[in-house]
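Visitor: output the structure for:
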Amino acid sequence: MNALDYAVLLISLLSIAAYGVWQTRGKRSLTTYLKGSGNSSWIVIGISVMATQASAVTFLSTPGQGFESGLGFVQNYFGAPFALIIIAAIFLPLFRRLNVYTAYEFLGKRFDAKTRLLGAGLFLLQRGLGAGITIYAPAIVLSTVFGWPLDFTIIASGLVVIVYTVAGGSDAVSLTQKYQIAVIFAGMIAAFVVLIWKLPRDLGLADAMTVAGGLNRLNAVDFSPNLSSRYTFWSGTIGGLFLALSYFGTDQSQVQRYLSSGSLRESRLGLMFNAIFKIPMQFGILLLGTMMFVFYQFEQPPVYFNQAAWTERAASGDAGEFRRIESEFAGVHARKREQIDRWIRAKRDGDSREADRARSLAQQLQQQSEEIRNQAKAMIPQANPSGDEAGRAKPVSDADYVFITFILGYLPHGLIGLLVAAFFAATLSSKSAELNALASTTTIDVYRNLISRRGSDSQYVFASRAFTVLWGAIAISFALFARLAENLIQALNIIGSVFYGPVLALFLVAFFLKWIGGTAIFWAAIAAQLLVIALYFTLDISYLWYNFIGPGACILLAIAIQSVLPRETKPANSQTA
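Guide: Residues are numbered from 1 along each chain as shown. A predicted model of the protein is given here:
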């Protein structure tokens, strides 16, 4: 990066943060601080919901996912549109009618105080961990690539988001997110345009799609019934439905976004905006990664994209072995490019037999290339073995470094700064929403509910700001002490699936099974949560299925427990606020 890139980066981020602080200065009312001014339009709500869900991991790692395995990851989101429709039709009217600050207040009104605290506690646990991962995942990549001190990167980005979240509350989050998402999409679109422009001049878009499809990067849908396959049509539609129901319907970081509107109609339109654009957005990001895969069939890629780790490991180990792997990889890549050129020429000439022969050879060479890359990945843990649960060293994936490597190597200056700003903007937008939600839940469901029931608005606003700082410090501390980057990035996708199911069941029982009381669902949720954790460590199935197993087990247990308990005719704490 040069001076222009740093100028674009700093101006983009600091101006957005300053705008949020300025526009929301002087917030004193608890309602406006936690829920916003109530005049957010549907487009602001829709963008805020999208920006909260799409962290830097989405924009930094998803292109690498497309590079590594193609479009299949999009199946993860197949259930999301159906979930958003259900939330708009059922969840949202109830939340608005009760005029709650947090989703867990509803549980207190429907069940009792202990069930409310259980829902809030599970949210604070998994979202508190997620906040640390959200800031650490991009920081480890950016600090490695640019040579920035990791601790400085974590602390600097954390302090910026704490300042404007503390200053402006919910409105600051919503106001800044629409500009942050603009920076993000401007950078991603610019990167896609440059990528297509840098493909070989004689390679048309149809030819590029032919290469991607022939090398198994366009298989978007897998109808396999195999439960251990991570992403299939079935796991994405069924498990993804329950995951999206849990996240968008019960996670306070999302609920708080669409409660900021003054009307039910605006909130519903904001959710429908995401129902329409969520899958196309993810598909576009994966397609960017797939086109990078095609690009690197004609340009020599590194054998391992985290070049800083590769160079460090080579210097401390057998440098000759590292050079041998690099040389072998380059040779296979050169032969593969020859076959791809033959394949494309034969296809244009209408010689199907020659095209099939060249494609088959290219596929074989691609398999050899992937085997060599796997050897390279397996060499990295020897320098800093993290291991897995059983203490075995695991190959370190470099998928998260693919996109940033392309940016630094092939984008013009200025645009590099914009893309880096986009990654930080994604981190700040999702993290600010998380901190705002964590502070709101702690203030309303813990502090006001258990410690100070008769405090003033100014007291609760001060408490919320203090809790924002506290959760920000916890997230920064977690990120500073974390050292397993690849495991953490994977954990970001798994933590929600492990913890969301029982929380969703609390709300489903509250909505639809009126005869089940707080005691039954409380103990059922605890038992179901322990069951999901145990199954996660013992079963070899896609993590998406736990989003179905968790609520299913919780509901069945609640029915069984309630059948042996006296029926509750009235919520035990129906006036809890």
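
Visitor: identify, by residue count, the longest helix of the chain.
Guide: If you go by DSSP state H, the chain has its longest helix at helix 150-197.

Visitor: report the angle between the helix or strand hosting residue 128 and helix 150-197.
Guide: Here residue 128 sits within helix 113-146, counting by DSSP states H and E. Going by axes from the mean of the first three to the mean of the last three C-alpha atoms, to 10 degrees, helix 113-146 is angled at 70 degrees with respect to helix 150-197.

Visitor: quick check: buried residues in helix 113-146?
Guide: Across helix 113-146, burial judged by 16 or more other C-beta atoms under 10 Å covers 113-120, 122-124, 126-145. In short, each C-beta sits where N, CA and C put it, glycine included.

Visitor: now do the helices in the stretch 1-150 of the chain.
Guide: Secondary structure of the stretch 1-150 of the chain (DSSP state H, counting those that start in this stretch): helices at 3-23, 30-35, 42-53, 56-69, 80-86, 92-98, 103-110, 113-146, 150-197.

Visitor: any chance of those helices in JSON lines, with mean pLDDT too?
Guide: JSON lines is the format used below for those (pLDDT from 0 to 100):
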{"stretch": "helix 3-23", "mean pLDDT": "75"}
{"stretch": "helix 30-35", "mean pLDDT": "62"}
{"stretch": "helix 42-53", "mean pLDDT": "80"}
{"stretch": "helix 56-69", "mean pLDDT": "84"}
{"stretch": "helix 80-86", "mean pLDDT": "94"}
{"stretch": "helix 92-98", "mean pLDDT": "83"}
{"stretch": "helix 103-110", "mean pLDDT": "89"}
{"stretch": "helix 113-146", "mean pLDDT": "81"}
{"stretch": "helix 150-197", "mean pLDDT": "77"}
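
Visitor: of all those, which one is nearest residue 518?
Guide: The closest of these to residue 518 is helix 113-146. By C-beta to C-beta, the value is 4.6 Å.

Visitor: please compute how far the closest one lies from its chain's middle.
Guide: Centroid separation between helix 113-146 and its chain, computed with C-alpha atoms, centre = their mean, to the nearest Å, is 11 Å.

Visitor: how about stretch 283-296?
Guide: Stretch 283-296 sits 19 Å away from the centroid of its parent chain (C-alpha atoms, centre = their mean).

Visitor: ditto for stretch 452-463
Guide: Here the centre of stretch 452-463 is set off from its chain's centre by 33 Å, with C-alpha atoms, centre = their mean.

Visitor: next: stretch 8-21.
Guide: Taking mean C-alpha positions (C-alpha atoms, centre = their mean), stretch 8-21 and its chain are 23 Å apart.

Visitor: can you check stretch 434-445 too?
Guide: Distance of stretch 434-445 from its chain centroid, counting by C-alpha atoms, centre = their mean, is 20 Å.

Visitor: kindly report the same for stretch 245-252.
Guide: Chain-centre distance of stretch 245-252: 14 Å, with C-alpha atoms, centre = their mean.

Visitor: and that stretch, what's buried?
Guide: Residues of stretch 245-252 classed as buried: 245, 246, 247, 248, 249, 250, 251, 252 (neighbour count, 16+ other C-beta under 10 Å).

Visitor: may I have it as CSV, with CA atoms only?
Guide: Extracted in CSV, the C-alpha atoms of stretch 245-252 (Å, rounded to 0.1, in the frame of the first residue of the first chain):
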residue,chain,number,x,y,z
LEU,A,245,-35.1,-18.1,12.1
SER,A,246,-32.8,-18.2,15.1
TYR,A,247,-30.5,-15.4,14.0
PHE,A,248,-32.9,-13.0,12.4
GLY,A,249,-35.8,-13.7,14.8
THR,A,250,-34.1,-14.1,18.2
ASP,A,251,-30.7,-12.6,18.1
GLN,A,252,-30.9,-9.1,19.6
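
Visitor: thanks a lot, see you next time.
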